[in-house]
Each structure stands twice: as structure tokens, then as C-alpha cells.
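[1] need coordinates for the following:
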Amino acid sequence: MQEIKKISVFGKISTILSTFCFFHCVLTPLLIIFLPTVIGIFDTKLFDRLQFIILILASCFACLSLCWGVRQHGQIWPMICLIPGVLLLTMNIRHRYGLEITIIGTACFVVSQLLNNYLCKNCHKCNHQEN
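    Next up, the predicted model:
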């Protein structure tokens, strides 16, 4: 019973961080376009470090959540969705490929969390332990 609570806590935290990451990645280019006075802030190495820290935090919580989820439901599909997302976002932070890569990477991130939550909710093993 204690383990199910851990899954839901890590699942919720990682889903929130993944969603925050998605909105951050989508809204940042819009801020750069519509607020030219703050472009100087977004060109600094400090901003790249901030993005990398957000990616590390979201990735760590996502991995914890997915590992507990895979242990419960036995499906590796959420992990298969997460890995390309992390790779695309890391490459984009280092090389700035563009908004398309950012959106695809964050979508992979969010889909992996939503898929993991869905599989955990519909897992017979998890549902059997709750009763």
C-alpha cells in the first residue's frame, strides 16, 4: 500500500514538471518574439543553465515515476517515449535546433508521463493491491 502512494506522488510531481517544461519551452520563444527588451536575458549562459537544471529535475522525477510504474504494470512504453524526449531537449539546449525539436521533445516527455499514469490506473496488479 505504501508503494502505491509513492507511485502516485512521483507520478504527480513528474507530470507537473513535464507539463511545466512543455509550457516553458513553448512560451519562451513567444516571449522572445513579443518582448524584445528581454532578449538580452535569454541570450546569456545563465538562461541555458536554468533550462538545463529544469531538464535535469524533470528527467529525474520522470525516471523515478516511470521506474516505479514499470515495476507495477510491467510496460516499458512510457520509458521508450521518455528517452527520445530527453535526448531531443538536451540536444536542443546545447545546439539550438529550433522550436520544432523543442515541441517534439516536450511532447514525448508529457506523453510518457500520461501513458504511465494511464497504465498505473488500469493495472490489475495495482487495482488488486488497493482493495
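[2] any stretches of this protein with poor pLDDT?
    Within the chain, the segments meeting pLDDT under 70 span 1-8, 10, 31-44, 46, 125-131.
[3] for residue 63, give me its contacts.
    residue 82 (Cβ atoms under 8 Å, 6 or more residues apart in numbering). Quick note: C-beta positions are derived from backbone N, CA and C, even for glycine.
[4] from residue 28, how far out is it?
    In this view, residue 63 and residue 28 are 24 Å apart by Cβ to Cβ, to the nearest Å.
[5] just residue 15 next, same as before
    Per Cβ to Cβ, residue 15 is found 20 Å from residue 28.
[6] of these two, which one has the most company?
    Per other Cβ atoms under 10 Å, whichever of residue 15 and residue 28 has more neighbours is residue 15, with 20 against 15.
[7] which residue is nearest the middle of this structure?
    Nearest to the mean C-alpha position of the chain, by Cα atoms, centre = their mean, lies residue 18 at 3.1 Å.
[8] test my guess that it contacts residue 106.
    Yes: assessed by Cβ atoms under 8 Å, residue 18 is found in contact with residue 106 at 7.5 Å.
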